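Novice: Coordinates for the following, if possible.
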Amino acid sequence: LVVSCMVGKDRIIFATKEDHETPSSAELVADDPDDPYEEQGLILPNGDINWNCPCLGGMASGPCGEQFKSAFSCFHYSTEEIKGSDCVDQFRAMQECMQKYPDLYPQEDENEEKEKLNKDLEAAPMEASAAKEEKGSS
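Specialist: Below you'll find the predicted structure:
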């Protein structure tokens, strides 16, 4: 009995002991050098976006995939002087979707950001005074 299910972008397959004892019947197929998605990077030779690029980290196929595709496409094809300035609505929709799935799309908590900023600010004067002391002691 082999059970397969999709969880996010990952596929989980459950196999029994018997499944592992029988020889595999899988056939290895050589990579197709003409496959337009194979090792192409984010932008395909024709200028289209390669939604299968691992560099996107599965963003194009998650629960907010359509919103991500819309926002990223808008930015990629934007001809505005400030690239992407015409894509605010699409990025807002993407962000609103992502906020519905905090486990999949973690965002820094505002309090955490403030604490980090305060620590950085507190450390800066100490570093500056330590540098002054080093100069003065030579």
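Novice: Helices along this structure, start to end?
Specialist: 17-21, 65-77, 88-99, 110-136 (DSSP state H).
Novice: which stretches of this protein have low pLDDT?
Specialist: Within the chain, the ranges that satisfy pLDDT under 70 run 1-20, 22-39, 108-138.
Novice: Lys69 versus the nearest residue to Cys64 once chain neighbours are set aside, what's the distance?
Specialist: Nearest residue to Cys64, sequence neighbours excluded (C-beta to C-beta, 6 or more residues apart in numbering): Cys97, at 3.8 Å. In short, each C-beta sits where N, CA and C put it, glycine included. Using C-beta to C-beta, to the nearest Å, Cys97 is found at 12 Å from Lys69.
Novice: what do you get for Met98?
Specialist: Met98 is 13 Å from Lys69, by C-beta to C-beta.
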